[in-house]
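Peer 1: Provided below for reference: sequence and predicted model.
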Amino acid sequence: MIAIVFGANSQDGIYLSEICLKNNIEVIGVSRTGNSNSIIGDVCDIAFVESIIKQKKPDFVFHLAANSTVKHFALFENHSTISNGALNILETVKNHSPNTKVFITGSAMQFKNEGLPISELTEFEARDPYSVARIQSVYAARYFRTLGLKVYVGYLFHHDSPFRKDNHLAKSTTNAIKKIKNGELNTLEIGNMFVSKEWGYAKDIAEGIFKLVNQDMVFEATIGTGKSHTIEEWLKICFEIVNLDYKKYVVSNIHFNIDFKALVSNPSTINSLGWSHRTSIFELAQIMMLE
């Protein structure tokens with residue numbers, strides 16, 4: 001069996017590739033930069049996508065590529081990567097490898113958020129360029145499903161790992177706390193500590209993706225922990241690992257412009273397929289702090 005992973009150097013791509021390999025699935029990793037475990041390629045390039053899928057006729061294609069930001073500066077990049085990338089994959093699979101299972105990444109950020117647990121049945125809301133691109137790719141997935149393709153959408157809620165980029169909250173805070181412990185930094189400034197969200201482990205989420213595409217009953221599901229914690233809780237846990245009191249070092253700006261006050265999933269559908277997260281916020285903090 002063969003899997004093509006677009007976005008192979010992302011945290012999800014790294015863990016998903018490992019899971020595939022453990023299940024005797026050959027992995028062809030694709031990223032725009034490439035490394036020893038992936039090849040250089042761009043999901044935005046229809047000629048490249050068509051060439052590799054037509055040649056390999058994979059059992060699975062995972063579309064994980066994106067610039068993970070809701071900021072307006074990434075408007076065209078995310079439209080091209082997320083939306084057009086999905087169309088490139090789906091049209092190529094339809095024409096050249098119709099038995100291939102396709103996974104399209106969805107996001108918690110594309111739903112209307114009223115502070116209640118969000119499921120795959122929650123109404124969409126296009127409130128930023130990232131959400132627009134994600135919503136477009138989901139409708140593309142649904143359209144190609146009517147043409148007979150097996151297209152899955154996993155709506156991923158916040159999750160982290162040591163492979164996260166430094167600009168993401170969990171990674172940036174753990175990096176700062178380590179510097180504070182070493183005497184290299186005096187304070188840690190946080191926008192608003194009272195925002196509540198999920199603190200999933202990327203490896204768990206990748207296992208959820210793999211579970212979803214290896215069955216034929218459910219084609220869309222939110223994949224998250226279903227448990228939320230404030231940023232303050234996260235900081236307290238991380239500082240305690242290095243025996244420091246977070247109150248002595250953290251400066252919070254309660255007037256910081258936040259995207260949401262609370263963001264939590266209802267993962268009952270993916271749970272019904274036999275998957276649930278295994279890693280607690282305490283264990284994730286250990287993983288991030290002790291890497």
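Peer 2: Everything's here; your move. Numbers count the residues shown, from 1 in each chain.
Peer 1: Could you list the low-confidence segments of the chain?
Peer 2: Of all residues in the chain, none has pLDDT under 70.
Peer 1: the longest helix in it is where?
Peer 2: Criterion DSSP state H: the longest helix present in the chain is helix 129-146.
Peer 1: Give me the next element, helix or strand, following it.
Peer 2: Downstream of helix 129-146, the first helix or strand assigned by DSSP states H and E is strand 150-156.
Peer 1: what sits opposite the residue nearest the centre of the chain in the beta ladder?
Peer 2: Central residue of the chain (CA atoms, centre = their mean): residue 156, 5.2 Å from the mean position. For residue 156, the beta-bridge partners are residue 107, residue 223 (DSSP bridges).
Peer 1: sorry, back to before: using PDB, write down the CA coordinates of the longest helix of the chain.
Peer 2: Provided in PDB are the C-alpha atoms of helix 129-146 (Å, rounded to 0.1, in the frame of the first residue of the first chain):
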ATOM      1  CA  PRO A 129      -9.300  34.100   5.000                       C
ATOM      2  CA  TYR A 130      -8.200  30.800   6.600                       C
ATOM      3  CA  SER A 131     -11.900  29.800   7.300                       C
ATOM      4  CA  VAL A 132     -12.900  30.700   3.800                       C
ATOM      5  CA  ALA A 133     -10.200  28.400   2.300                       C
ATOM      6  CA  ARG A 134     -11.100  25.600   4.600                       C
ATOM      7  CA  ILE A 135     -14.800  25.900   3.900                       C
ATOM      8  CA  GLN A 136     -14.200  25.900   0.100                       C
ATOM      9  CA  SER A 137     -12.100  22.700   0.400                       C
ATOM     10  CA  VAL A 138     -14.900  20.900   2.300                       C
ATOM     11  CA  TYR A 139     -17.500  21.800  -0.300                       C
ATOM     12  CA  ALA A 140     -15.100  20.500  -2.900                       C
ATOM     13  CA  ALA A 141     -14.700  17.300  -0.900                       C
ATOM     14  CA  ARG A 142     -18.500  16.900  -0.700                       C
ATOM     15  CA  TYR A 143     -18.900  17.500  -4.400                       C
ATOM     16  CA  PHE A 144     -16.300  14.900  -5.400                       C
ATOM     17  CA  ARG A 145     -17.900  12.500  -3.000                       C
ATOM     18  CA  THR A 146     -21.100  12.700  -5.200                       C
END
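Peer 1: in that helix, what's buried?
Peer 2: For helix 129-146, a neighbour-count test (16 or more other CB atoms under 10 Å) marks 129-138, 140-141, 144-145 as buried. For glycine as for every other residue, the C-beta is placed from the backbone atoms N, C-alpha and C.
Peer 1: Just put these in JSON lines and tack on distance to residue 251.
Peer 2: Output for the buried residues of helix 129-146, formatted as JSON lines (distance: CB to CB, whole Å):
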{"residue": "129", "distance to residue 251": "30"}
{"residue": "130", "distance to residue 251": "28"}
{"residue": "131", "distance to residue 251": "30"}
{"residue": "132", "distance to residue 251": "34"}
{"residue": "133", "distance to residue 251": "34"}
{"residue": "134", "distance to residue 251": "33"}
{"residue": "135", "distance to residue 251": "36"}
{"residue": "136", "distance to residue 251": "39"}
{"residue": "137", "distance to residue 251": "38"}
{"residue": "138", "distance to residue 251": "39"}
{"residue": "140", "distance to residue 251": "44"}
{"residue": "141", "distance to residue 251": "43"}
{"residue": "144", "distance to residue 251": "49"}
{"residue": "145", "distance to residue 251": "49"}
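Peer 1: Would you state the helices of this protein in chain order?
Peer 2: Going by DSSP H, the chain shows helices at 11-22, 46-56, 75-78, 85-96, 129-146, 169-181, 202-213, 231-241, 268-272, 281-289.
Peer 1: Determine which of those approaches residue 113 most closely.
Peer 2: helix 129-146 (10.4 Å; CB to CB).
Peer 1: Please work out the angle formed by the directions of that closest one and strand 150-156.
Peer 2: 150 degrees (axes from the mean of the first three to the mean of the last three CA atoms, to 10 degrees).
Peer 1: which other helices and strands contact helix 129-146?
Peer 2: If you count contacts as 3 or more CB pairs under 8 Å, 6 or more residues apart in numbering; DSSP states H and E, helix 129-146 packs onto helix 75-78, helix 85-96, strand 101-107, strand 150-156.
Peer 1: List the contacts of the residue nearest to the centre of the chain.
Peer 2: 12, 105, 106, 107, 108, 205, 223, 224 (CB atoms under 8 Å, 6 or more residues apart in numbering).
Peer 1: Let's see that with 7 Å instead.
Peer 2: With contact taken as CB atoms under 7 Å, 6 or more residues apart in numbering, residue 156 is in contact with 105, 106, 107, 108, 205, 223.
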